[in-house]
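Enquirer: Next one to model:
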Amino acid sequence: MNRQRLDQALKGAPILFLLLWASGFVFAAMALAHTDPLTLLALRYFLVVAALLPLLLILRPELPRSPAEWLHVSVVGACIQVFFFGGVYMALEHGLSAGAVALIASLHPIVVGLLAAPLVGERVNLQGWLGLALGLVGAVIVITSRMEVGATSLISIAFAVCALLAMTSATLYEKRFGVAQHPVTANIIQCGLGFAVMMPAAWLLEPLRVAWTGEFLIALGYLVICNSLIAVTLLLAMVRRGLVSRVSALFFLVPPLSALLAWLLLAEVMPAAAWGGIVLAAIGVALISEPGQQARRALVGRFWPG
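Expert: Okay, the predicted model is just below:
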């Protein structure tokens, strides 16, 4: 019963994941108005672990069974919790808009596509390369148009690219070395690792200031509950149930949704050229993700079976 009902329940998971993941960029920008990035991450990870520890004691899920399994879970955790979210938050802190950060960080299927041929010997057809090219052109348009209207710096873009590479590394590493873990176990290990890295870094590099306003509490609560606990758990569940190919296609819809939410909630300026770039990126995704195409197999079929 359980597997069939879970598979049925997960049919709507990609859409829910998209909404929660895209909103996370906006709520992170809201929270950073009241604290510093490393402090925010340390606080976020502490609260995630604190929320999951009672479940660990109640459910008693299986822990990694060997040092190798502990290593693999930790490496993926470091890529996502330290370098991905760290890069995202530092990019926001240094002036890159939530919409632009979401766009850059959501380009990892393109990087996977570029790596597919040398790593697994799969070729991307003409339609696939056209989609990749449109996605990259769209990204460049959004970034450059944002530099004209905002206080965007090269270092903020560098942090966002770091986040992109970290998510790509986590994806490829998880596919090659990852072993299925209970979501509670995986989240505690990975967020615990994130806290162990971010708390000392925040202590050394930041004043540990936090303005406990209502807006900050709402943003922090969203990041802990919706972004860390629900969205990451959904992602793990979709990986195990073979729905990740659908998620990979949706990832490129994160930037326009994040930009729209940032425009509504944060009053971020998104010039017409930026919206045009987002449209190009979306068209590129449509080309890449068309069912039955070699491009889709090269991008997700090898790494993200579904």
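
Enquirer: Where do the helices of the stretch 151-300 of the chain begin and end?
Expert: Counting by DSSP state H, counting those that start in this stretch, the stretch 151-300 of the chain has these helices, from start to end: 154-177, 183-205, 214-222, 232-240, 244-251, 254-265, 272-289, 294-296.

Enquirer: Out of the ones you listed, the one nearest residue 30 is which?
Expert: Closest approach to residue 30 among the helices of the stretch 151-300 of the chain (C-beta to C-beta): helix 214-222, 4.1 Å. Placement of C-beta: from N, CA and C, glycine included.

Enquirer: residues contacting the closest residue to residue 90 other than its chain neighbours?
Expert: Computed as C-beta to C-beta, 6 or more residues apart in numbering, the closest residue to residue 90 that is not its neighbour in sequence is residue 159, at 4.2 Å. Residues touching residue 159, when contacts are defined by C-beta atoms under 8 Å, 6 or more residues apart in numbering, comprise 87, 88, 90, 91, 94, 96.

Enquirer: For residue 64, which of the helices of the stretch 151-300 of the chain is the nearest?
Expert: Between residue 64 and the helices of the stretch 151-300 of the chain, the shortest gap by C-beta to C-beta is with helix 183-205, which sits at 7.5 Å.

Enquirer: who does the closest one touch, helix- and strand-wise?
Expert: Based on contacts counted as 3 or more C-beta pairs under 8 Å, 6 or more residues apart in numbering; DSSP states H and E, the elements that helix 183-205 packs against are helix 37-59, helix 67-77, helix 232-240.

Enquirer: Between the helices of the stretch 151-300 of the chain, which one is closest to residue 50.
Expert: helix 183-205 (9.8 Å).

Enquirer: residues of that closest one that come out buried?
Expert: By 16 or more other C-beta atoms under 10 Å, the buried positions in helix 183-205 come out as 183-195, 197-199, 201-202.

Enquirer: Just the C-alphas of that helix, formatted as PDB.
Expert: Provided in PDB are the C-alpha atoms of helix 183-205 (Å, rounded to 0.1, in the frame of the first residue of the first chain):
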ATOM      1  CA  PRO A 183      15.100  12.100   5.000                       C
ATOM      2  CA  VAL A 184      15.400  12.800   8.800                       C
ATOM      3  CA  THR A 185      18.800  11.100   8.900                       C
ATOM      4  CA  ALA A 186      20.100  12.900   5.800                       C
ATOM      5  CA  ASN A 187      18.800  16.300   6.900                       C
ATOM      6  CA  ILE A 188      20.300  16.100  10.400                       C
ATOM      7  CA  ILE A 189      23.700  14.900   9.100                       C
ATOM      8  CA  GLN A 190      23.800  17.500   6.400                       C
ATOM      9  CA  CYS A 191      22.400  20.500   8.300                       C
ATOM     10  CA  GLY A 192      24.500  19.500  11.300                       C
ATOM     11  CA  LEU A 193      27.500  19.700   9.100                       C
ATOM     12  CA  GLY A 194      26.300  23.100   7.800                       C
ATOM     13  CA  PHE A 195      26.000  24.400  11.400                       C
ATOM     14  CA  ALA A 196      29.400  23.000  12.300                       C
ATOM     15  CA  VAL A 197      31.000  25.000   9.400                       C
ATOM     16  CA  MET A 198      28.800  28.200   9.500                       C
ATOM     17  CA  MET A 199      28.700  28.800  13.200                       C
ATOM     18  CA  PRO A 200      32.500  29.200  13.700                       C
ATOM     19  CA  ALA A 201      32.700  31.200  10.400                       C
ATOM     20  CA  ALA A 202      30.000  33.500  11.600                       C
ATOM     21  CA  TRP A 203      31.700  33.900  15.000                       C
ATOM     22  CA  LEU A 204      35.000  34.900  13.400                       C
ATOM     23  CA  LEU A 205      33.800  37.000  10.500                       C
END
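
Enquirer: contact partners of it?
Expert: By C-beta under 8 Å, 6+ apart, the list of residues contacting helix 183-205 reads 36, 38-39, 41-42, 45-46, 48-49, 52-53, 55-56, 59, 61-64, 70, 73-74, 76-78, 80-82, 85-86, 181, 208, 228-229, 232-233, 236-237.

Enquirer: Mark which of those residues are buried, thanks.
Expert: With burial judged by 16+ other C-beta under 10 Å, the buried subset of the contacts of helix 183-205 is 36, 38-39, 41-42, 45-46, 48-49, 52, 55-56, 64, 73-74, 76-78, 80-82, 85-86, 181, 228-229, 232-233, 236-237.
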